[in-house]
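>>> coords below, sequence missing:
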């Protein structure tokens, strides 16, 4: 049953990401890096608004076995009130945002794109209920249809020369269609109910989560703010494209782990079984994440040239550095999950402060240099925060640093060997076209990766091999 839930969560996450990636490729070939940079300037404001709208209540509702439809209704009312409030704030603040970036077009863009805050606020509580009930199949159907609708509208608008409005249209269409699908597929209609006493109980837990998520969003988007302000929309466009690809390679996998494992682990009351679940989760998470990341790091240049076109080639080195900075993030995800489920939100909050404090410190040191130097600072900050997370969190369930580092060491061997040999192959194919380079690299990488894992009897590859053999019987 667990595998069933992970499968549908994977379909939902990878399905939407793949559709978004295809749309991104099609639209990127029609727009300019400046168009993407302009929209990316608003990311931090939209993220902060959504954080306060959600307010950490989803974690409370999922981990509390006693939560009923009344609690979900209270959260729904909160989401709507805060969604409207923060849209209003953005609407009023739009001229100042445009003045900060010295981009007058941002006034109307902010006011139109901001409508997505209210649209998403309407659906947050129902998606939380679906996660708690492990209804990942319906979530997959709803979100894939929404992503597909957004792709179609965004591409057509780009095709007919609407410029950056194509990106706005894509986001708004996805939100509206997703909301309509919730109503159709789930036969869902919101219930207007609010109880102040219930709200205060949830607020107490949610405050720590809110502060943590708010800090995370600041850390995640602050780089875009500094690059947009102190460099150029063109540079931010290249950086933003690298971030989008990173979301496919890491954050989609990370989303599956967070969305599915949090619900499953929260339901498991036996601490021995829960520890075993964490070990298996980290093992398989690292296996998939490191395999994909190492592949893209080695092939970044031919990927950008072949898939996105020559105008996007400056994205390649930025993509490599961003992926390197996220190599250790599965350890952060797993350890953060531990303290949340063990009901230690203060630790989660403090680690979030520390993590994003390190990112901010490195950014303040490097922002006047090139974007490459800025991202090297990000690598250092993320590596330090990963080490601290391992030291602080795992001990609460006896998942000590030594055990986690043994798993990491076993899983990183094959990707590194495959990356090195694949890159050497690329150097031999330097005079060939991007597609020939990509195919040559992929062939060597896959053969070496699988070969090394089989030779070392990696647990994850053995698990996959057994699954394949059982499916044939």
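That came through, no problem. Given the structure is predicted, the values throughout are model-derived calculations rather than measurements. Residues are numbered from 1 along each chain as shown.

>>> residue ranges of the helices in the stretch 301-450 of the chain, please?
Taking DSSP state H, counting those that start in this stretch to define them, one finds helices in the stretch 301-450 of the chain at 315-325, 329-341, 345-366, 371-393, 401-428, 434-455.

>>> Pick out the shakiest of the ones you listed, pLDDT-wise.
Confidence, taken as mean pLDDT, is least for helix 329-341 of the helices of the stretch 301-450 of the chain (a mean of 81).

>>> Can you name every helix or strand that that one contacts?
Helices and strands touching helix 329-341, by 3 or more C-beta pairs under 8 Å, 6 or more residues apart in numbering; DSSP states H and E, are helix 57-63, helix 252-256, helix 262-267, helix 271-303, helix 345-366, helix 371-393, helix 401-428. Yep, even glycine has a C-beta here, placed from its N, CA and C like the rest.

>>> could you give the angle of that helix to helix 401-428?
Between helix 329-341 and helix 401-428, the angle comes out at 150 degrees (axes from the mean of the first three to the mean of the last three C-alpha atoms, to 10 degrees).

>>> the inter-axis angle of helix 329-341 versus helix 345-366?
Between helix 329-341 and helix 345-366, the angle comes out at 150 degrees (the same axes, to 10 degrees).

>>> now the protein, which segments are flagged as low pLDDT?
The model of the chain has pLDDT under 70 over residues 1-14, 55-56, 59-60, 63-66, 204-210, 212, 249-269, 466-473.

>>> Got the domain ranges for it?
When the chain is parsed with automatic domain parsing, its domains come out as 1-222, 268-473.

>>> List just the one of the helices of the stretch 301-450 of the chain that sits closest to residue 143.
With C-beta to C-beta, the closest approach to residue 143 among the helices of the stretch 301-450 of the chain belongs to helix 329-341: 20.4 Å.

>>> For the host helix or strand of residue 148, name the packing helices and strands.
Using DSSP states H and E, residue 148 sits in helix 136-159. Applying 3+ C-beta pairs under 8 Å, 6+ apart, one finds that helix 136-159 contacts helix 2-28, helix 115-132, helix 165-185.

>>> just to revisit the earlier point, need the helices of the stretch 301-450 of the chain in TSV (columns: mean neighbour count).
Shown next, in TSV, are those (neighbours: other C-beta atoms under 10 Å):
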stretch	mean neighbour count
helix 315-325	22
helix 329-341	23
helix 345-366	18
helix 371-393	19
helix 401-428	17
helix 434-455	17
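
>>> And the ones you listed: which comes nearest residue 241?
Of all the helices of the stretch 301-450 of the chain, helix 315-325 comes closest under C-beta to C-beta, at 4.7 Å.

>>> Which one of the helices of the stretch 301-450 of the chain lies nearest to residue 163?
When these are compared by C-beta to C-beta, helix 315-325 sits nearest residue 163, at 19.5 Å.

>>> Neighbours of the closest residue to residue 190 other than its chain neighbours, how many?
Excluding its sequence neighbours, the residue lying closest to residue 190 (C-beta to C-beta, 6 or more residues apart in numbering) is residue 76, at 5.3 Å. If you count neighbours by other C-beta atoms under 10 Å, residue 76 ends up with 24.

>>> these two touch, right, residue 76 and residue 189?
No - in terms of C-beta atoms under 8 Å, residue 76 does not count as a neighbour of residue 189; the distance is 10.7 Å.

>>> before we move on, the earlier item: can you say which of the helices and strands packed on helix 329-341 is nearest to residue 99?
Nearest of the helices and strands packed on helix 329-341 to residue 99, taken as C-beta to C-beta: helix 345-366 at 22.3 Å.

>>> what's the angle from the closest one to helix 371-393?
Calculated by the same axes, to 10 degrees, helix 345-366 forms an angle of 160 degrees with helix 371-393.

>>> contacts for helix 345-366?
For helix 345-366, the surrounding residues in contact (C-beta atoms under 8 Å, 6 or more residues apart in numbering) are 205, 208-209, 211-213, 215-216, 218-219, 222-223, 226, 332, 336, 339-340, 373-374, 376-378, 380-382, 384-385, 388-389, 392-393.

>>> just stretch 413-429 next, same as before
Taking C-beta under 8 Å, 6+ apart as the rule, stretch 413-429 contacts 290-291, 293-295, 297-299, 302, 436-437, 440-442, 444-446, 448-449, 452-453, 456, 458.

>>> if you set the cut-off to 6 Å instead, what comes out?
For stretch 413-429, the external contacting residues (C-beta atoms under 6 Å, 6 or more residues apart in numbering) are 290-291, 294, 298, 437, 440-441, 444-445, 448-449, 452-453.

>>> mind checking how far the closest residue to residue 103 other than its chain neighbours is from residue 122?
Nearest residue to residue 103 in three dimensions, chain neighbours excluded: residue 38, at 6.3 Å (C-beta to C-beta, 6+ apart). Using C-beta to C-beta, to the nearest Å, residue 38 is found at 27 Å from residue 122.
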